[in-house]
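>>> sequence plus predicted model, see below.
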Amino acid sequence: DVKVTQSSRYLVKRTGEKVFLECVQDMDHENMFWYRQDPGLGLRLIYFSYDVKMKEKGDIPEGYSVSREKKERFSLILESASTNQTSMYLCASSLPFGTGVDGYTFGSGTRLTVV
Amino acid sequence: AQSVTQLGSHVSVSEGALVLLRCNYSSSVPPYLFWYVQYPNQGLQLLLKYTSAATLVKGINGFEAEFKKSETSFHLTKPSAHMSDAAEYFCAVSDRSSAGGSYIPTFGRGTSLIVHP
């Protein structure tokens, strides 16, 4: 069964800490994505990557960075966590654009609380 | 530019009743359309997708959706609700031309389906 695995289900961090959210997929997908999900706002794209070492900003990249050193791993980094970054974070992966439309495969999410 | 609107943040039905979750989209080109389901404390799971083949699309768990170009709609239905259908449902649209041809879908804000016994 194909999977996208997020390393933590729940995370509590202090304001100002550097936070790493890890995502690993075993489907050999080229594309990987980070979203945050907030009540009433749906899913908002933070960053995505279509290849190793490649990254593109999504709709809300401020306060975040990403790293993709290996095809299967896509990390989201909060350089200095703030309380307004308390949210559910979802990682997803997909086939390359234009080669088929199978939708996304999502991880189970990381619920981050910044105190 | 693409956008998607889900009418109703909450929909409440009785067990056994028809489920209808509404989704309207805007797109400058023929779209790809998706419905995802999210059970509590889980990620999103693909229910079904429309990719310009048959306009009536059947998905998992007895759900189906019909693409209506004239109404720019892609409503999700299920003839008979089950308690296990209680979840958050997201509609998404990709117009295959956004952000330099990146195909990245835009998600609606979600509709919470509540099923009463």
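Looks like it came in fine.
>>> hang on, B:Ala81 in a strand?
No. Checked against DSSP: H, G, I helix; E, B strand; the rest coil, B:Ala81 lies outside a strand; its state is coil.
>>> hmm, it is touching B:Ala17, no?
Yes. Applying C-beta atoms under 8 Å, one finds B:Ala81 in contact with B:Ala17, separated by 5.4 Å. All C-beta atoms are positioned from the backbone trio N, CA, C, and that covers glycine.
>>> ok, those two, which is more surrounded?
B:Ala81 (22 against 14; other C-beta atoms under 10 Å in any protein chain shown).
>>> name the residues of the helix or strand that contains B:Thr77 that are buried.
Using DSSP states H and E, B:Thr77 maps to strand B:73-78. Buried positions in strand B:73-78, judged by neighbour count with 16 or more other C-beta atoms under 10 Å in any protein chain shown: B:73-76, B:78.
>>> ok, stretch A:57-69 next?
For stretch A:57-69, by 16+ other C-beta under 10 Å, it's A:58, A:64, A:66-68.
>>> turn those into JSON lines, including pLDDT, secondary structure and distance to B:Trp35.
Below are the buried residues of stretch A:57-69 laid out as JSON lines (pLDDT from 0 to 100; DSSP: H, G, I helix; E, B strand; the rest coil; distance: C-beta to C-beta, whole Å):
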{"residue": "A:Gly58", "pLDDT": "91", "secondary structure": "coil", "distance to B:Trp35": "21"}
{"residue": "A:Tyr64", "pLDDT": "97", "secondary structure": "strand", "distance to B:Trp35": "28"}
{"residue": "A:Val66", "pLDDT": "97", "secondary structure": "strand", "distance to B:Trp35": "28"}
{"residue": "A:Ser67", "pLDDT": "97", "secondary structure": "strand", "distance to B:Trp35": "32"}
{"residue": "A:Arg68", "pLDDT": "96", "secondary structure": "strand", "distance to B:Trp35": "28"}
